[in-house]
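S.K.: Would you be able to build a 3D model of this:
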Amino acid sequence: MIVLCILGAFILGSVPFGLIVARTKGVDIKKTGSGNIGATNVLRSVGKWAALCTLLGDMLKGALAVIIARYLSMGETAVGLIGVFAILGHDFSVFSRFKGGKGVATSLGVLLVYSPAVGAVTAAVWLIALSIWKYSSLSALLAFLVVPVNIYLFDYSPGKLIYGLIIMLLIVYKHKDNIERLISGTEPGIKKK
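M.R.: Sure thing, here's the model as predicted:
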């Protein structure tokens, strides 16, 4: 059962909402802007409503994977693993030749169900950082770098801490190019094309 759930979570996570939403507007998001299928590139390339749909879709698939695992009465360890595989599906989508987005919205969707308090704090940090600095990548990095600390403070268990660390590391890994651009001062803000 758990193997099927992991596979299902990976496939669900692989659904490229940014690609689908942009195509309805006649835009190939992979060939526009940064080429990323996430909400930030959709915002720059297509517009705010398309970006909102992408953001919500990507969050929903992460949340849904965890909801289904809980509905099937899986243990905490299995639920966390299934959530991570939904994120991996987004990051390395089977529908996009194992290329995907940065995993921010999907990770947030997972956290909001897996550990609601931590998910809420993560969302708050992301929004506050975004409103101050206007860099989506920096906001995501700041929000997810403190996820393990927030799990320790608000919803501690050894399993949750491990999955929090994995989610944090995936976010950092997928943002490695952004980190280089932030350091060099060439990272575009959320409204720059």
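
S.K.: which residues in the chain form helices?
M.R.: For the chain, applying DSSP state H gives helices covering 2-14, 17-24, 39-45, 48-71, 76-91, 104-114, 116-133, 136-145, 147-154, 158-174, 176-184.

S.K.: For R97, find the nearest of those helices.
M.R.: The closest of the helices of the chain to R97 is helix 2-14. By CB to CB, the value is 10.9 Å. All C-beta spots, glycine's among them, are computed from the backbone N, C-alpha and C.

S.K.: quick check: angle from the closest one to helix 76-91?
M.R.: In terms of direction (axes from the mean of the first three to the mean of the last three CA atoms, to 10 degrees), helix 2-14 departs from helix 76-91 by 40 degrees.

S.K.: residues making contact with helix 2-14?
M.R.: With CB atoms under 8 Å, 6 or more residues apart in numbering as the contact definition, helix 2-14 has outside contacts at 61-62, 64-65, 68-69, 72, 74, 78, 81-83, 85-96, 100, 106.

S.K.: Give me the buried subset of these.
M.R.: Neighbour-count burial (16 or more other CB atoms under 10 Å) applied to these gives 61-62, 64-65, 68-69, 74, 78, 81-83, 85-93, 96, 100, 106.

S.K.: burial count for P158?
M.R.: The tally of other residues near P158 (other CB atoms under 10 Å) stands at 9.

S.K.: can you tell me how far it sits from I82?
M.R.: In this structure, P158 and I82 are 18 Å apart, going by CB to CB, to the nearest Å.

S.K.: swap in L55?
M.R.: 22 Å.

S.K.: what do you get for G13?
M.R.: 10 Å.

S.K.: Which residues are in contact with each of these two?
M.R.: In contact with both G13 and I82: A65, using CB under 8 Å, 6+ apart.

S.K.: Distance to I190 and mean pLDDT for the helices of the chain - can I get that in a markdown table?
M.R.: Compiled in a markdown table, these are given as follows (distance: least, CB to CB, whole Å; pLDDT from 0 to 100):
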| stretch | distance to I190 | mean pLDDT |
| --- | --- | --- |
| helix 2-14 | 24 | 96 |
| helix 17-24 | 15 | 96 |
| helix 39-45 | 6 | 93 |
| helix 48-71 | 9 | 97 |
| helix 76-91 | 20 | 97 |
| helix 104-114 | 12 | 98 |
| helix 116-133 | 7 | 97 |
| helix 136-145 | 5 | 97 |
| helix 147-154 | 21 | 97 |
| helix 158-174 | 17 | 97 |
| helix 176-184 | 12 | 96 |
